[in-house]
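Colleague: The sequence and its predicted three-dimensional model are supplied below.
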Amino acid sequence: MRVVLQRVKECNVKVDNKIVGEISQGFLLLLGVKDGDSQQDAIKLAKKISGLRIFTDNDDKMNLSLADIDGSVLVVSNFTLYADCSHGRRPSFIKAARPEISEPLYEFFCEQLIENGISNVQRGIFGADMEVSLINDGPVTMVIDSEDLK
């Protein structure tokens, strides 16, 4: 599983011009699932993200976690995170898991965030054409892959 994490002051996701998920301070997570990913990947990734200390404290140091600031998360599914652009000009998405595999893992990942103490977890609509709006805070943007976690 791969996440593009953006620390945000606020963000929302719309489907058909209707807001379906919205948060104030916290993380926007674009989540990609590849073939071979499992619930163990979701557990590791959710635990890592929930504990990341990347919000600034009174000394302007990245030292606070989501729990410390009572932050929220908006999770948006994004199969294009597994695009292969190594050949030609048209990306291949063959590494991305099929929806019947990735949707349950997406939902499980969201539930794991809640299990790890994140009280407000908002979601996009899996597989929908979505419009994401955000105010990036910092900017702080990170890519985290479950394969890299110990």
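Modeller: All right, it came through fine. Since the structure is predicted, the reported quantities are computational estimates derived from the model, not experimental observations.
Colleague: any idea whether the residue nearest the centre of the chain is helix, strand or coil?
Modeller: With distances taken as Cα atoms, centre = their mean, residue 29 lies nearest the centre of the chain, 2.0 Å away. Of the three states, residue 29 takes strand under DSSP: H, G, I helix; E, B strand; the rest coil.
Colleague: which residues does it contact?
Modeller: 3-6, 49, 73-76 (Cβ atoms under 8 Å, 6 or more residues apart in numbering). C-beta coordinates here come from the backbone N, C-alpha and C atoms, glycine included.
Colleague: and those residues, which of them are in strands?
Modeller: Those of the contacts of residue 29 mapping onto strands are 3-6, 73-76, per DSSP state E.
Colleague: Quick check: of those, which lies closest to residue 141?
Modeller: residue 6 (5.0 Å; Cβ to Cβ).
Colleague: if you skip the residues just before and after it, what's nearest to the closest one?
Modeller: Once flanking residues are discounted, residue 6 sits nearest to residue 28: 4.5 Å by Cβ to Cβ, 6 or more residues apart in numbering.
Colleague: Does that neighbour touch residue 74 like I think?
Modeller: Yes: here residue 28 reaches residue 74: they are 5.1 Å apart, a contact under Cβ atoms under 8 Å.
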